[in-house]
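Trainee: need the 3D shape of this:
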Amino acid sequence: MTSNLNEKKAANRDSNYNWSKYIGFGSQLIVGLLITLFVGKKLDAYLNKHSFFAWLTPSLFILVVLISVVRDTQNKK
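Mentor: Got it, this is the predicted structure:
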């Protein structure tokens, strides 16, 4: 009975770890997008551009994150 309870606790702990990993990644993605959008708007105001950097900086951030995710999830040889 004790081993069954320990197995349930271990499974619950692993499940919580998986969820927290994805929640952490989502939070970092949202914060990164907000920061790059803020920086892009400040650059637009400073350089008198109309929404150019406000689109460019978040787009570059998304591209870098996607490349990073693909490299991290590739099978190692």
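
Trainee: show me where pLDDT drops low in this protein?
Mentor: Within the chain, the stretches with pLDDT under 70 are 1-17, 77.

Trainee: can you map out the helices along it?
Mentor: 2-47, 52-73 (DSSP state H).

Trainee: okay if I get these as TSV plus mean neighbour count?
Mentor: C-beta here means a position set from N, CA and C on the backbone, and glycine is covered the same way. Shown next, in TSV, are the helices of the chain (neighbours: other CB atoms under 10 Å):
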stretch	mean neighbour count
helix 2-47	11
helix 52-73	13
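
Trainee: right, and residue 57 touches residue 43 too?
Mentor: Yes. At 7.3 Å, residue 57 counts as touching residue 43 under the criterion of CB atoms under 8 Å.

Trainee: overlap in contacts of these two?
Mentor: Common contact partners of residue 57 and residue 43 (CB atoms under 8 Å, 6 or more residues apart in numbering): none.

Trainee: residue 50 touches residue 40, doesn't it?
Mentor: No. Look at residue 50 against residue 40 with CB under 8 Å: they stay out of range, at 11.9 Å.

Trainee: how much space separates residue 74 from residue 39?
Mentor: From residue 74 over to residue 39 the distance is 30 Å, taken as CB to CB, to the nearest Å.

Trainee: and what of residue 68?
Mentor: 19 Å.

Trainee: what's the answer for residue 54, then?
Mentor: In terms of CB to CB, residue 54 sits 9 Å off from residue 39.

Trainee: kindly report the same for residue 25.
Mentor: To residue 39, residue 25 is 21 Å away according to CB to CB.

Trainee: residues touching the nearest residue to residue 52 once chain neighbours are set aside, list them.
Mentor: Leaving out its chain neighbours, the residue that sits closest to residue 52 by CB to CB, 6 or more residues apart in numbering is residue 44, at 6.2 Å. Counting by CB under 8 Å, 6+ apart, residue 44 touches 50-54.
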